[in-house]
Each structure stands twice: as C-alpha cells, then as structure tokens.
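Chemist: pasting a predicted model and its sequence here:
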Amino acid sequence: MRRAQRALAAGAWLATAAGTGFLASLLFRPAAGLVVVGGEGADSRDGGAAGAPRAPSHGAQGGESGREATGGPPTGEGRESVPPSDGHPTAFPAGGPAAAGAAMAEGPDAGAGGMDEVPCWIEVRVTREDGTAAEAGTVYALPGGEPGTNDVGDLPQADITDGGLARLPVPSEGSYDVGYIGEAHALRTDVLVARGETARIALAIPAGRRFTFRCDKPIPDGRTWHVSLQHVAPETGDAWAEDARLGYPGRTERPRMNGYASVGPGGQGASHPLPVGGAYRIVVGVDRQSSYRLDPEPALAQPGAEVLLRVRPQARLSVGVRIEGRPEPSGWFQLWLQRTDGGGREALADQGSLRLTDQPAPIVRWATPGKARIGWHGYGIAPGTTDEFELIGGRTVEKGIVVRPPLPGEAPVAQDRDASASPRLRVSVEGIPEGGVSERASLYLLARLPGPPPVADYNWHDREQADLEVSEEWKPVRQVLAVLGARLASDPTPVEADGRVAIRLKAAGLLLAVPERPAVSGLGALTLEREDGLPIPTARPGNFGDDFTADDWDLDLLELQPHVGPGTILGPFPEGTIRFRVRLGRVRLPGVAATVKAGALRPLVIPR
C-alpha cells in the first residue's frame, strides 16, 4: 500500500511552523567492470513492476538474464568538466582520481556535510553489438557493491531516449554500479563520479528478437489488448522465486526481464526486442466486462516466435444474493468464484466484499469457461459454497446463494481455511481513555517479520474480540506494536508462547517530514529507517472531509524504510526520542533524530 506523494506546494507550506501548527491543531484539538546479460541462454521471470523497459501503464515490465560477456570496458567512456554554477569544484580532490577512488571505495556517502545542491550526472549510451542504438529501457545506479532491487523508485534512474542515450542524476560524488535493463541487461561496476563533473560511459548489448502477434479473427469491438511477457524458468515454465531474479540487479544478482506488447484493432502487434534464448509465458489479461478473450498459442515461447491469439467467447455468470436473519456484527463478507479445474480463485464483488446490511442486486460478470463453485465467508455469518457447476462459452449461468447467521453449534469463521492450523493471538488492551475513542479510529497490531514481507499489520475492527486469527506470516512474530488512531501507541510488546499479548497503549504523537530541499526528478527515493529496526507507520486522515480529528486517523503505510516527502506524517509513536537513518537514492545521508511529544505534531527536519 504505497501512498501517493503529497503536492510539493502543500508540503512546503506544511513544513513551515504555521503549517505544522495548523495541522496539529486539527489533529489534536482536544575501473569499471562490465557485465552484459542477454543473447543465448537467457532465461526469465514475472517482474511485476520491476524489470526491463518501463512499459506504459498497460504493459508488464521486467528484467532478465543470460550469458556474461567478458572483455575490456567498451569505448566511449570518460568525463567532462561542467562549468560550476553553484561554486562546486570541477575536479577531483587533492591527490587526483586515485585518491578519490580510495575515498569512495565503500560507495557514496554524503557525510556530515549533507548533499550537493546540484546532483552529479552520469551519461549512458546503450548500443547493440551491431552499432545500432537500443530502442527502449531504463538505466539505473546503485552505490558501488550494493544489492539490487525490484523497485526502481528507490534508485537514481532515467529512461533512454532516441539514440540510446540517457542522462542519469546521482545524489553525490562516489563509486556507482550503473546498469541498463531493456532489450538485455548490462552492468558497469565502479563508475567514479566526481563533484561538478559528468561521467560518460557506453554499454554494449547483444541484439534481441521480437515476439509478433496475430489474431485468428477480427477483434469484435475494435479495442486494443495488452500482452504481458513473463520471463520464466526455461526448465519448468514457472515464475522465478521472488529473490531468485531482480528487476534492477546489482553485481551479485541475476536479472529478470519481462516484456509487453500491444495488439491493436487490426489484430496484429509486436513486442520490443528481448534476449534470444529466454523463456516467456504469454499472458493476455481477462476483462470481466468483455464477452470474449484472447488465448495465446503457444502460451510459452522464446523471442522471435509468432504467437497466434485465438478470439474465444466468455461465459456469462449471474449471481443473486439473499441475506436472511440479522447477521452480527453487521460488516462485510467476501464472495468469490473458486475454480475446481486448477484455475485459482477470483473475487466476484468489484470491491472484493459486500455489506451484510445491503440487499445486493444480482452480480453479473463475464468469466472464463470451466468448472467452478461459488464460496462466501465473513464475521458473524455461516460460511458456504455452492455445488460445482460448469461455465460454457457463449452461455449464461444463473446461481443463487443465501447468506445467514450460523445455526446453533455452527461456528462462523473469518477465513476459508482450517482455523485450527492458523496462528492465533490472544490480545488484551489497556490504556484506552475513559469514554473510549471514536468508532472511526482503527486499532492496528504491527510486527516486523524475519523474512519477506518484512512487516505485517492486522486491522482489529472488533476491540472486544480477544482471540484473533492471523495469517501464516505471523507465526515467527515475537513482539508487536499497536497504534490506535493518531493519539495512542504502544512500546514493543512481547508475544508469549501461547499467543498472549498484553498491549498497553500510551499517549502518542506524530512527526511531520520536512526535507530541506525538494527532490530532483529521477534521483531516487528519500527513505527513513529507525536505528532500532522497528517498523515505521505513516498516517493519513480518513475519508471524512476537512472536519477530522486524531480519532479519524488511519494507517496508510507500514514499512521498515518508507519513502518520504514534504508533508509525510510518521507515527503515531509513544513519547521519546527516535533516531533515523536517511538515504536518498540508496546513498547514505547524515542521520536525524526527533523527540516525540504526546498530543503534538512535530517537524522532523531532514537536511539535504
């Protein structure tokens, strides 16, 4: 759950004392090495938002690997002094490049002096072995020797333009590993960048091949379809494990390289070039509003293949829902289509859930043919499923279900799995003020996990319920934090062997992130990390218009290293001093500290 950055102008105003005070009054009123990947033997993986050329919003993206090319650095690299407009020197420090390289051996670090006002630059030209320019892709920079990532937003990055050229900003002088992901993957290690200079490098990649697509009949409604090319393991055709390939790898990781293509009303299309020898699963998304779908043949292929897209009719499904009795509590329940022929599970309600207080109209959608059941569950209702039925292309299937309270001796469940096998927390809470808090305030339990995902949260709606069923990722958790609205939070609280957790809420406060300088586009994310390693919640007002209080606050994001910008609100935290590590585009900045005061919103100034 990634939060959109607040508008810079609004954030700058909030950064002022007046802005902070106003918001607080609302809240608390009462030698460069080269690795080239591509060509023969390249393989693949589903990169989600990470990987090869960053596609338009419709396309899947990715990055993937293959053989390593050895040999000396490509020609064309060098540096050019830039006339200093800000008083910065245009040359290496005393001792020349060798001394600068020794000082930068551990990667860029802004040190006590903070960041340069104007970032340094790396100019990258990407060409194929035949001398032609790469058509698409992204260049990125990692501090020398650091691991890669699947989130390019963390890193300094730029798209290549005509002629295969990209101009890449970096936060400070230092040693960087500079990569390209697109038609192939290439990485130049130990690129030295000095203050006031532009480093220039050239990357050579092997030529790739395109997928071409052709429909077997005209597209009925003349629309454009988008095809995802998911880089997979060639031996099995399965997606790579999350940590097996990275979309933006460093010097010790292998890349994953997804692709995309568009098929227009004429029924034809082509992908951008992809590494020869890679294996790709071809996926055309199913639109529940469309009466037809496109089935690729073959569904697994290598770049250079021609893929036939067969236009086939969908089945029409109509589901009537009747609610009987008075289910308690009156909240939400989930309704889904469970494929019984290996196709997985699909939500039937557009929002994923339906309200028990409503008598919903029939749910009508198009579905892929096959055998299925309809299932439902929720707090305070009896779970259920229908008998198996078959969806047939071009035909309509009508089904009816009844949602009711459980019968005597019939226990309601929150999940459609064996509750006895699920981890449970037995929670008690102290510290809620006399008279309670607004029903709008959500109580969250927060935990740091030993592996991916690194953090977890549990939104506990029913505060009277002391026995909570949580997901499998909570099994290794040994301590939790709790936050309630924007006023209350707990210290780390141990989880006993039997799952008991005794939460004691305390009066809490918030911090307002105030970067001293606005970020430069493409420079990478500004991130914070607590020195004690605890998760950092960020908060936002609920959807209640301008008339909100601290009880209306809701958790927006929970991460170990959240992205922050002007106006990002951190917390709530119990009173005390919190120390943060700071990075910009993965480059270390001086750490910062702030003292949290209960019932107050205080600025956290981040020097840059």
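Modeler: All right, it came through fine.

Chemist: what's the neighbour count on residue 425?
Modeler: 21 (other Cβ atoms under 10 Å). Glycine gets a C-beta too; all of them are placed from N, C-alpha and C.

Chemist: quickly list what residue 301 is bridged to.
Modeler: When assigned by DSSP bridges, residue 301 has beta-bridge partners residue 280.

Chemist: OK, contacts around it?
Modeler: By Cβ atoms under 8 Å, 6 or more residues apart in numbering, residue 301 lies in contact with 211, 279-280, 282, 307.

Chemist: which two among the residues you listed are spaced furthest apart?
Modeler: Spatial extent of the contacts of residue 301 (Cβ to Cβ) is set by the pair 279 and 307 at 13.6 Å.

Chemist: hmm, which of the contacts of residue 301 is lowest in pLDDT?
Modeler: Lowest pLDDT among those: residue 279, with 90.

Chemist: hang on, that one packs against residue 300?
Modeler: Yes: counting by Cβ atoms under 8 Å, residue 279 touches residue 300, with 6.5 Å between them.

Chemist: before we move on, what SS does residue 172 have?
Modeler: Here residue 172 is recorded as coil under DSSP: H, G, I helix; E, B strand; the rest coil.

Chemist: doesn't residue 141 make contact with it?
Modeler: No: look at residue 172 against residue 141 with Cβ under 8 Å: they stay out of range, at 11.2 Å.

Chemist: more crowded one of residue 279 and residue 300?
Modeler: Neighbour totals were compared for residue 279 and residue 300, and residue 279 leads with 21 against 14 (other Cβ under 10 Å).

Chemist: end to end, how far does stretch 238-255 reach?
Modeler: Here the two ends of stretch 238-255 are set 16 Å apart, with distance taken as Cα to Cα, to the nearest Å.

Chemist: for residue 596, what are its contacts?
Modeler: 508-511, 571, 573-578, 602.

Chemist: make it 10 Å
Modeler: Taking Cβ atoms under 10 Å, 6 or more residues apart in numbering as the criterion, residue 596 is in contact with 489, 508-511, 570-578, 602, 604.

Chemist: equivalent analysis for residue 450, please.
Modeler: The contact partners of residue 450, by Cβ under 10 Å, 6+ apart, come to 473, 475-478.

Chemist: check what pLDDT it gets.
Modeler: So residue 450 comes in at 78 (pLDDT).

Chemist: please identify the helix or strand for it.
Modeler: Residue 450 belongs to no helix or strand when elements are defined using DSSP states H and E.

Chemist: show me what residue 430 bridges to in the sheet.
Modeler: Applying DSSP bridges, one finds that residue 430 bridges with residue 504.

Chemist: stretch 580-598: which residues count as buried?
Modeler: The neighbour-count check on stretch 580-598 (16 or more other Cβ atoms under 10 Å) flags 580, 582-590, 592, 594, 596, 598 as buried.

Chemist: closest one of those residues to residue 430?
Modeler: residue 598 (16.4 Å).

Chemist: need the residues touching each of residue 279 and residue 300.
Modeler: By Cβ under 10 Å, 6+ apart, the residues touching both residue 279 and residue 300 are 230, 232, 234, 237.

Chemist: for the last one, which residues are in contact?
Modeler: Taking Cβ under 10 Å, 6+ apart as the contact definition, residue 237 lies against 44, 230, 279-281, 299-300.

Chemist: and with 6 Å instead?
Modeler: By Cβ atoms under 6 Å, 6 or more residues apart in numbering, the contact set of residue 237 is residue 300.

Chemist: so what does it look like in phi/psi?
Modeler: Note on residue 237: its backbone torsions stand at phi 80, psi 10 [degrees, to the nearest 10].

Chemist: how far away is it from residue 280?
Modeler: Per Cβ to Cβ, to the nearest Å, residue 237 is found 10 Å from residue 280.

Chemist: by neighbour count, which of the contacts of residue 450 wins?
Modeler: residue 477 (20 neighbours).

Chemist: quick one, strands of the stretch 201-350 of the chain?
Modeler: With strands called from DSSP state E, counting those that start in this stretch, the stretch 201-350 of the chain shows them at 212-215, 225-232, 259-263, 268-270, 279-284, 292-297, 300-301, 306-313, 315-323, 332-339, 345-347.

Chemist: neighbour-wise, which of the contacts of residue 596 leads?
Modeler: Highest neighbour count within the contacts of residue 596, by other Cβ under 10 Å: residue 572, with 30 neighbours.

Chemist: what helix or strand is that residue on?
Modeler: Element membership for residue 572, per DSSP H and E: strand 569-574.

Chemist: export that strand as PDB, just CAs?
Modeler: Once non-C-alpha atoms are left out, strand 569-574 reads as follows in PDB (Å, rounded to 0.1, in the frame of the first residue of the first chain):
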ATOM      1  CA  ILE A 569       3.300  12.200   8.500                       C
ATOM      2  CA  LEU A 570       5.000   9.500  10.500                       C
ATOM      3  CA  GLY A 571       3.600   7.700  13.600                       C
ATOM      4  CA  PRO A 572       1.900   7.700  15.900                       C
ATOM      5  CA  PHE A 573       4.800   7.000  18.300                       C
ATOM      6  CA  PRO A 574       5.000   6.900  22.100                       C
END
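
Chemist: could you say what helices and strands that strand packs with?
Modeler: For strand 569-574, the packing partners by 3 or more Cβ pairs under 6 Å, 6 or more residues apart in numbering; DSSP states H and E come out as strand 488-489, strand 506-515, strand 536-541.

Chemist: what about residue 185, neighbour count?
Modeler: Neighbours of residue 185 under the rule other Cβ under 10 Å: 31.

Chemist: you'd agree it is up against residue 256?
Modeler: No: using Cβ atoms under 6 Å, residue 185 is not in contact with residue 256; the gap is 9.0 Å.

Chemist: pick the most buried one from the helices and strands packed on strand 569-574.
Modeler: Comparing these by mean neighbour count (mean count of other Cβ atoms under 10 Å), strand 488-489 comes out on top with a mean of 26.

Chemist: parallel or antiparallel, list what pairs with the helix or strand following that one.
Modeler: Tracing the chain past strand 488-489, the next element assigned as helix or strand by DSSP H and E is strand 493-494. Looking at strand 493-494 with DSSP bridges, its partner strands are strand 479-484 (antiparallel).

Chemist: could you export the partner strand as PDB, CA atoms only?
Modeler: The C-alpha trace of strand 479-484 is given here as PDB (Å, rounded to 0.1, in the frame of the first residue of the first chain):
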ATOM      1  CA  GLN A 479       6.800  -8.900  19.600                       C
ATOM      2  CA  VAL A 480       4.200  -6.400  18.300                       C
ATOM      3  CA  LEU A 481       3.400  -2.700  18.400                       C
ATOM      4  CA  ALA A 482      -0.100  -1.300  18.500                       C
ATOM      5  CA  VAL A 483      -1.500   2.000  17.300                       C
ATOM      6  CA  LEU A 484      -5.000   3.400  17.700                       C
END
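
Chemist: please name the residues that touch residue 158.
Modeler: 139, 166, 168, 522.

Chemist: I figured the first one hits residue 169, correct?
Modeler: This means residue 139. No: judged on Cβ under 6 Å, residue 139 makes no contact with residue 169 at a distance of 10.9 Å.

Chemist: neighbour-wise, which of these two wins?
Modeler: residue 139 (32 against 19).

Chemist: against residue 306, how distant is the more buried one?
Modeler: 31 Å.

Chemist: equivalent analysis for residue 218, please.
Modeler: Counting by Cβ to Cβ, the gap from residue 218 to residue 306 is 18 Å.

Chemist: residues near residue 565, how many?
Modeler: By the criterion of other Cβ under 10 Å, residue 565 has 19 neighbours.

Chemist: tell me if it really is in a strand.
Modeler: No: the assignment for residue 565, made by three-state DSSP, is coil rather than a strand.

Chemist: now it. Its backbone dihedrals?
Modeler: The phi and psi values for residue 565, taken as degrees, to the nearest 10, are phi -150, psi -180.

Chemist: per-residue pLDDT of it, please?
Modeler: In this model, residue 565 is scored at 87, pLDDT.
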